[in-house]
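J.: need coordinates for the below:
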Amino acid sequence: MSDATDETSDYLDADIRTPEMEMAELGAGVPRAVDLALADINPANPHLFKDDRWHDHFARLRAEDPVHLNELESSGRYWSVTKYDDVRAVDGDWQTFSSARGITLGLRPSPEADARFQRITSFISMDPPTHTEQRKTVRGVSAPSNLRNLEPLIRERTVNVLESLPEGETFDWVDTVSIELTTLLLATLFDFPLEDRRKLTRWSDIVFAVPEPGGVVETQQQKIDELMECVAYFEGLWAERRETPGFDLVSMLANGDATKDMPTVAHLGNLLLLIVGGNDTTRNTMSASVYGLNKFPDQYDKVIADPGLVPKLVPEIIRWQTPLTYMRRTATRDCEIGDKKILEKDQILMWYVSANRDEDVFDNADVIDIERHNADRHLSFGYGIHFCMGSRLAELQLRVLWEEILQRFERIEIQDEPERTFSSFVHGYTSLPVSVTRR
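T.: Now for the predicted structure:
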């Protein structure tokens, strides 16, 4: 094993009981929000998202306790911020609410936990100026000129995938379309061998997977072992791109002024960030677009009748789905959010999935309305200095997909309810059975 994989293995301790594991152990039988005492509502339980039962828990918090305190043995105190204006205010104030201790619910604050986290991090888990310098290294991939160059390739691949779909039989939209399209593009952005592209899918899946029997990973040790494979693979690409750089994300990180002298293990966080950012989020929005339009067939009829509505469909689907449910910040000082007193080192979960359903901002927020006048105000891409770097690329992929779908199919019909991701962070689908009817 290389020094980098040794360091990574040391960081990812199989004996640590993470907050996600602790909540998973609480079990799937979470009562309805109306049947719980307010203090007992914990929206970070992954079972709520696996079973698609999160809506009433957030609705009650928005109405009764929009800045809500929970505490776990593993993580300590953490606050759930659920209203649009509060989420945006926290996200926009990096001096008070720092990313530098992590973006997901973490271990109880301590010098040991801080030291462990600092071993592997990413620029999304940094504050300026380091965040700005490292983000700038890969910013060119989402430049308007590069998007224009990528669009013909995205469209060609989309057409090829859609043309290959079987008619008159049920297939899994998630695997056949959403994963395939996003993984092909991600491999292009990394200049990653296309024949190995599904490795990217797998690594993306396990980053935030909660170990459970029969799950994406069954044990923490399995998760560690597979991330070691990711590190080893990218070590080879790293060495190659230092010698022969190209215009790809690995080359940018391997040769950028702010990142070129970092050891491979220190790059793992950035690599996993880019893998998840380019894979999980877009693929789950692609799947949500098919599922959501089936749940609101009047909106499907509307876009079939007028394909010119596709550019309006895109932000509305991204709002309605919200592919990453929250981001975490850590208070750098004692402060207040609303009328709640936040202590230094308290964790704050900014629930984008709840802010995007805030009725004070979005009328009839639980429905898809492709002519919604303010859909582009959604917070799915975050706000402030951490606004999603790949947002325009994600919108481009979704727009091209629906432009090509409407040319080819009378309808895409879901055949059963989807299987959903067991995670309180990634809001997604593991399968969606559908059938298509061609024009």
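J.: going forward, measure contacts and count neighbours with C-alpha atoms only.
T.: Will do.
J.: for stretch 45-53, measure first residue to last.
T.: 10 Å (CA to CA, to the nearest Å).
J.: contacts for that stretch, please.
T.: 20, 23-24, 27-28, 30, 54, 419-424, 427 (CA atoms under 8 Å, 6 or more residues apart in numbering).
J.: residue ranges for the strands of the stretch 251-400 of the chain, please.
T.: Counting by DSSP state E, counting those that start in this stretch, the stretch 251-400 of the chain has strands at residues 326-331, 335-337, 340-342, 347-351.
J.: which of the contacts of stretch 45-53 count as buried?
T.: 20, 23-24, 54, 419-424, 427 (16 or more other CA atoms under 10 Å).
J.: who are the neighbours in contact with residue 367?
T.: Contacts of residue 367 (CA under 8 Å, 6+ apart): 296, 320.
J.: wait, residue 312
T.: 370-372, 375.
J.: tell me what the host helix or strand of residue 404 is packed against?
T.: Element membership of residue 404 [criterion: DSSP states H and E] is helix 391-408. Judged by 3 or more CA pairs under 8 Å, 6 or more residues apart in numbering; DSSP states H and E, the packing partners of helix 391-408 are helix 144-163, helix 264-295, helix 310-321.
J.: element containing residue 93, please.
T.: Going by DSSP H and E, residue 93 is not in any helix or strand.
J.: just give the nearest non-adjacent residue to it, would you?
T.: Computed as CA to CA, 6 or more residues apart in numbering, the closest residue to residue 93 that is not its neighbour in sequence is residue 384, at 7.8 Å.
J.: how many residues are close by the one you found?
T.: 14 (other CA atoms under 10 Å).
J.: distance of it relative to residue 320?
T.: In terms of CA to CA, residue 384 sits 21 Å off from residue 320.
J.: before we move on, what about residue 312?
T.: 13 Å.
J.: repeat that for residue 78.
T.: In terms of CA to CA, residue 78 sits 25 Å off from residue 320.
J.: re the thing from before, so who does the residue nearest to residue 93 touch?
T.: By CA under 8 Å, 6+ apart, the neighbours of residue 384 are 91-93.
J.: just residue 202 next, same as before
T.: Residue 202 neighbours (CA under 8 Å, 6+ apart): none.
J.: that one: which element?
T.: helix 197-207.
J.: how about the CA coordinates for stretch 324-336, as PDB?
T.: Below are the C-alpha coordinates for stretch 324-336, written out as PDB (Å, rounded to 0.1, in the frame of the first residue of the first chain):
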ATOM      1  CA  LEU A 324     -28.200  17.500  -1.800                       C
ATOM      2  CA  THR A 325     -30.500  18.000   1.200                       C
ATOM      3  CA  TYR A 326     -28.300  20.100   3.400                       C
ATOM      4  CA  MET A 327     -24.800  21.500   4.000                       C
ATOM      5  CA  ARG A 328     -23.300  22.000   7.400                       C
ATOM      6  CA  ARG A 329     -21.500  25.000   8.800                       C
ATOM      7  CA  THR A 330     -19.800  25.400  12.200                       C
ATOM      8  CA  ALA A 331     -20.200  28.500  14.400                       C
ATOM      9  CA  THR A 332     -16.900  30.400  14.900                       C
ATOM     10  CA  ARG A 333     -18.400  32.400  17.800                       C
ATOM     11  CA  ASP A 334     -21.400  32.600  20.000                       C
ATOM     12  CA  CYS A 335     -24.200  34.200  18.000                       C
ATOM     13  CA  GLU A 336     -27.900  34.000  17.200                       C
END
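J.: thought residue 157 was touching residue 182?
T.: No - the criterion here is CA atoms under 8 Å, and residue 157 misses it with residue 182 at 10.2 Å.
J.: of the contacts of residue 312 - the most surrounded one?
T.: That'd be residue 375 among the contacts of residue 312, by other CA under 10 Å, with 24 neighbours.
J.: in this structure that residue contacts residue 316, no?
T.: Yes - using CA under 8 Å, residue 375 is in contact with residue 316, at 5.1 Å.
J.: so what secondary structure elements neighbour the helix or strand hosting residue 61?
T.: Under the criterion DSSP H and E, the helix or strand holding residue 61 is helix 55-64. Helices and strands touching helix 55-64, by 3+ CA pairs under 8 Å, 6+ apart, are helix 352-355.
J.: how close does the residue nearest to residue 385 when sequence neighbours are not counted get to residue 304?
T.: Nearest in space to residue 385, with sequence neighbours left out and distances taken as CA to CA, 6+ apart, is residue 92 at 7.3 Å. Relative to residue 304, residue 92 is positioned 38 Å away (CA to CA).
J.: and the pLDDT at residue 216?
T.: Residue 216 is assigned 83 on the pLDDT scale.
J.: before we move on, what about the one 4 residues further on?
T.: Looking at residue 220, its pLDDT stands at 83.
J.: isn't it right up against residue 209?
T.: No - judged on CA under 8 Å, residue 220 makes no contact with residue 209 at a distance of 9.5 Å.
J.: which one of the two is surrounded by more residues?
T.: Shown here are residue 220 and residue 209; by other CA under 10 Å, residue 209 has more neighbours (24 against 20).
J.: who touches that one in this structure?
T.: 216-217, 422-423 are the contacts of residue 209 under CA under 8 Å, 6+ apart.
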